[in-house]
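> predicted model and sequence follow; I will ask about them next.
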Amino acid sequence: MTVRFAGQRGAVFWLALKTGFWSVLTLGFYRFWMKTRLRRYFWGSIRPGGHPMEYVGDPWEKLLGFFIAVVILTFYIGVVNLLLMFISFSVFDGNVAGYFLSFLGVIPLWFYARYRARRYVLGRTRWRGVRFGLEPGAWGYAWRACAHWLVTVCTLGILWPRMTFYLEKYRTDRTFFGSAKLLQGGRWTMLYRPARLLIAVLVGWVAWIAWIGFLDPMGQVVALFVDAMAQEFFSFDPGLAKEVETTSGLWRLWLLIPLVLGLYLGVVHYIFGARRMMANHKSAPGVTFASDLRTGRVAGIFALGSFLAYLVLFLGIILMGMLLLPLAGLEVIQQVTGQKAASFDLPRSVTVAVSVVIYFTIFLLWSVVYNTFVTFPLMKHMATTITLPTHDGLAEISQVKRDEFAEAEGFAEALDLGAAI
């Protein structure tokens with residue numbers, strides 16, 4: 001069974017523009033309706049076996065969930081952070097420890113919000129009238145994610161494939177389509193294959209840093225820095241601070257270009273190569289999956305789309321500065337030059353209102369371009385490169401009851417994770 005994608009880029013552009021316009025007018029509140037309408041379009045464009053998928057999420061659920069999450073997070077920020085700051089000043093005589101503990105306290109909530117958002121999206125997705133779903137388990141996912149990340153950091157990223165595999169397995173093994181549960185097969189060591197490019201690039205980075213910093217220091221400044229660090233932390237003088245020209249070996253800085261490009265390609269190749277490999281090992285009773293996702297195509301989509309989106313953002317910020325400078329009265333120029341400059345004597349409320357409108361408009365245009373040139377081609381490519389070689393088990397699947405829970409994607413929205421379609 002193949003999957004067809006029936007969406008059109010122009011339709012996505014105008015839908016994102018219209019719904020984004022209303023989001024600007026409502027100071028962001030319409031974004032819950034904007035996301036719902038975009039999801040319904042994208043879901044309806046994905047058609048496995050010729051049958052369109054459905055998204056039946058309610059924007060009012062999202063809005064209510066957002067308010068619930070804000071109340072809970074306000075309590076956390078206002079009470080828990082206050083206690084942490086009190087302990088920090090009492091024990092450590094400073095606020096650094098308090099900020100650090102506060103940041104650590106948000107990390108589990110971030111993973112919790114991601115799992116809850118996934119559960120909501122699956123619970124509001126249907127195909128041929130049958131619902132998808134995800135079993136409760138957000139806190140279990142949160143503590144597992146924290147533990148896996150701790151292990152990954154302690155091993156300098158060597159066990160990143162292990163974290164990727166087991167977190168995806170936790171989510172997949174709790175996912176169901178009607179009465180059928182999905183199963184994630186395979187082994188975590190298989191993910192080292194898509195990681196080979198990233199590993200090679202990281203080895204190149206280490207070799208380059210060692211070359212310009214230790215083996216053949218690039219100029220007197222670098223040599224003096226290396227000597228200072230060696231004397232400070234290791235109490236010996238390696239004798240690297242030689243009288244050399246500061247321009248010696250500067251050509252090696254040009255190697256940053258292929259190294260940065262290689263790092264980008266390596267990360268994209270690993271992330272989406274791992275998704276392709278894990279999709280090929282997913283199954284359900286009587287159903288198998290096969291993905292032909294091309295990581296080079298994905299890297300091109302992100303590169304071009306992100307460039308266009310951030311170009312719009314950059315030009316918009318410049319335009320905002322050009323428009324707000326005369327509205328603000330050119331006070332900065334007057335203070336610097338000491339000369340009176342012509343300006344528009346507008347009330348401060350008008351200046352603030354214009355600033356807010358321009359600010360929201362800039363990010364509206366960024367969102368439109370991103371949805372048109374990143375989200376659309378990425379979803380189209382991912383949908384059209386997956387097939388179901390075995391699908392006899394679909395005939396045996398029956399309906400399940402609707403998954404009801406109060407906060408929908410509220411925590412994801414409040415923690416700024418809810419922008420993803």
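Cool, got the structure.

> following the longest strand seen in the chain, which helix or strand shows up next?
Longest strand of the chain, by residue count under DSSP state E: strand 130-134. Downstream of strand 130-134, the first helix or strand assigned by DSSP states H and E is helix 138-154.

> how about the strands in the stretch 201-350 of the chain?
Taking DSSP state E, counting those that start in this stretch, the strands of the stretch 201-350 of the chain run over residues 282-284, 287-288, 290-291.

> show me the shaky parts of the chain.
88, 91-98, 218-249, 323-351, 406-408, 410-411, 414-421 (pLDDT under 70).

> longest helix in it, by residue count?
helix 295-327 (DSSP state H).

> what comes up buried for the host helix or strand of Val354?
Applying DSSP H and E as the criterion places Val354 in helix 348-370. Neighbour-count burial for helix 348-370, with 16 or more other CB atoms under 10 Å as criterion, is recorded at Ile358, Phe360, Thr361, Ile362, Phe363, Leu364, Leu365, Trp366, Ser367, Val368, Val369, Tyr370. From N, CA and C alone the C-beta is placed, and that goes for glycine too.

> let me know the closest of those to Leu150.
Tyr370 (32.3 Å; CB to CB).

> which non-adjacent residue is nearest that closest one?
Ala309 (4.4 Å; CB to CB, 6 or more residues apart in numbering).

> buried ones in stretch 299-310?
For stretch 299-310, burial by neighbour count (16+ other CB under 10 Å) applies to Ala299, Ile301, Phe302, Gly305, Leu308, Ala309.

> hmm, Asn371 and the fifth one touching each other?
No - at 11.5 Å, Leu308 does not count as touching Asn371 under the criterion of CB atoms under 8 Å.

> who touches both of the two?
Residues touching both Leu308 and Asn371 (CB atoms under 8 Å, 6 or more residues apart in numbering): none.

> what about stretch 22-30, distance to the chain center?
Offset of stretch 22-30 from its chain centre (CA atoms, centre = their mean, to the nearest Å): 23 Å.

> show the end-to-end separation of it, please.
6 Å (CA to CA, to the nearest Å).

> what's in contact with the longest strand of the chain?
With contacts defined as CB under 8 Å, 6+ apart, strand 130-134 is touched by 115, 118-119, 122-123, 125-126, 171, 174-178, 397-400, 402-403.

> hey, C-alpha coordinates of that strand in CSV?
The C-alpha coordinates for strand 130-134 follow below in CSV (Å, rounded to 0.1, in the frame of the first residue of the first chain):
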residue,chain,number,x,y,z
VAL,A,130,-10.6,4.6,13.2
ARG,A,131,-8.7,6.6,15.9
PHE,A,132,-5.1,6.6,16.7
GLY,A,133,-4.0,6.9,20.3
LEU,A,134,-1.1,6.9,22.8
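
> the inter-axis angle of that strand versus helix 138-154?
Counting by axes from the mean of the first three to the mean of the last three CA atoms, to 10 degrees, strand 130-134 lies at 50 degrees to helix 138-154.

> quick one: neighbours of Phe66, just the number.
Phe66 is flanked by 22 other residues according to other CB atoms under 10 Å.

> right, and the residue nearest to Tyr370 touches Phe373 too?
Yes - taking CB under 8 Å as the definition, Ala309 is a contact partner of Phe373 at 6.9 Å.

> who touches both of these two?
Listed as contacting both Ala309 and Phe373 by CB under 8 Å, 6+ apart is no residue at all.

> if I look at Leu150, how far off is Pro108?
Distance of Leu150 to Pro108, computed by CB to CB, to the nearest Å: 12 Å.

> look at the two and report which has more neighbours.
Between Leu150 and Pro108, counting by other CB under 10 Å, Pro108 is the more crowded of the two (16 against 11).

> and the spatially closest residue to that one that is not a sequence neighbour, how far is that from Val80?
Counting by CB to CB, 6+ apart, Ala142 is the residue found nearest to Pro108 once chain neighbours are left out, at 4.5 Å. Per CB to CB, Ala142 is found 16 Å from Val80.

> quick one: which of those two has more around it?
A count of neighbours by other CB under 10 Å puts Ala142 above the other of Ala142 and Val80, at 20 against 13.

> what sits against that one?
Pro108, Leu109, Phe111, Tyr112, Tyr115.

> of these, which is the most crowded?
In terms of neighbour count, Tyr115 stands highest of the contacts of Ala142 at 24 neighbours, by other CB under 10 Å.

> just checking, it touches Tyr141?
Yes - Tyr115 is within contact range of Tyr141, at 4.3 Å (criterion: CB under 8 Å).

> now the common contact residues for the two.
Between them, Tyr115 and Tyr141 share the contacting residues Arg171, judged by CB under 8 Å, 6+ apart.

> got the phi/psi numbers for Thr175?
Here is the backbone geometry of Thr175 (degrees, to the nearest 10): phi -90, psi 140.
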